[in-house]
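pasting the sequence and the predicted model now:
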Amino acid sequence: MAGGLRLLLPLLLASLAAGAAIGGSAEAPSGRAEPGPSASVSPQIEFGECTVTCGIGIREVLLTSGCPGTETKCIVGVEECRTSVDCGWGIPISDGLACVKIACIFMPPEYRFKYVWKMLIPNKTAHILPSDSSIMKVCRDTHSGTFQCETQEKGTTVASIKYTVYAKTETQTKKSKRIETEQSRRTTTKPEQSRTTTKLEQSMRTATDAILVFSLVTGIIVTVGVIIPMIFMICYWGAVKSFWKSKFVQDNQKKELDDKRSLE
């Protein structure tokens, strides 16, 4: 978090230069995040959305008149903006089995703010810790619990974030439960996959059996309809030959008789 916020330093410096060029910062319009130190500004100035939904961020300063070319709006700088103070629950910037590192919310330069670390105890007054750094290291064996960091500027809290640091044994238990849950999901998924594979194999076997039956029936039909008649003709070739010869003679005689009748 701290590294990401440091990247915003050049933008903040640019906003200060832009503020000097246009005569100072402007107050946020109704319904928008409040900026940092502000002064009256020309109505030709508008502001973009704040980059954060809580704490401290930056926003664009837009000029609506006198932009180069045909542009109706142009960016002349950036400035700091403020949103909701409560940022809820944060994620540690470093999460190890033994210790974690948790960070406050700030904008560069971080030394301009004051950081108040508290350990929250249920049904009791919060215990203020001696640390005044923007980043605090908490070891699980000695200081597990709920922590809160308030970022203050000139005595006013501008951002607040909370963290829960679990004890080492509790972390190991959660990790074991997570592993068991993943294994359970895998075990549940495997039988389903096996059932799907079994159904697919059964379908393939049914299709194969149908093809085999069709081939067998076709073979039987070919054998009965073609091969058996051929065997019969071979065995009784003399009788078949006599039959066709007598049939040929009868056909010729019938034809001659028909020709004679047609001549008469």
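Structure received. Numbering: from 1, shown residues only.

can you check the distance spanned by stretch 47-63, start to finish?
9 Å (CA to CA, to the nearest Å).

buried set for that stretch?
Residues of stretch 47-63 classed as buried by neighbour count (16 or more other CB atoms under 10 Å): 47-48, 50-52, 54-63. C-betas here are computed from N, CA, C, even on glycine.

quick one, helices of the stretch 1-150 of the chain?
2-6, 9-22 (DSSP state H, counting those that start in this stretch).

follow-up on the earlier one: and the buried residues of stretch 47-63, which two are furthest apart?
Greatest spatial distance among the buried residues of stretch 47-63 (CB to CB): Cys54 and Leu63, at 28.2 Å.

how about low-confidence regions in the chain?
Within the chain, the segments meeting pLDDT under 70 span 1-43, 171-181, 183-184, 186-197, 260, 263-264.

domains of it?
2-84, 87-168 (automatic domain parsing).

out of those, which is closest to Asn252?
Of the domains of the chain, nearest to Asn252 by CB to CB is domain 2-84, at 106.4 Å.

for this structure, what spans make up the strands?
34-35, 45-47, 56-63, 74-82, 86-89, 94-95, 99-103, 114-120, 127-128, 135-139, 145-153, 156-165 (DSSP state E).

in the fourth one, what counts as buried?
Under the neighbour-count criterion of 16+ other CB under 10 Å, strand 74-82 has Val76, Gly77, Val78, Glu79, Glu80, Cys81, Arg82 buried.

can you give me the buried ones in stretch 130-142?
Buried, per 16+ other CB under 10 Å, within stretch 130-142: Ser131, Ser134, Ile135, Met136, Val138, Arg140.

residues contacting the last one?
Applying CB atoms under 8 Å, 6 or more residues apart in numbering to Arg140 gives the contacts Leu97, Ala98, Cys99, Val100, Val165, Tyr166, Ala167, Lys168, Thr171.

try 10 Å this time
96-100, 165-172 (CB atoms under 10 Å, 6 or more residues apart in numbering).

again with the fourth one
Shown here is Met136, whose contacts under the criterion CB under 10 Å, 6+ apart are Val100, Lys101, Ile102, Ala103, Cys104, Tyr115, Trp117, Leu129, His143, Phe147, Cys149, Tyr163.

can you get me a residue count around the second one?
When you say that, I think you mean Lys101. 16 (other CB atoms under 10 Å).
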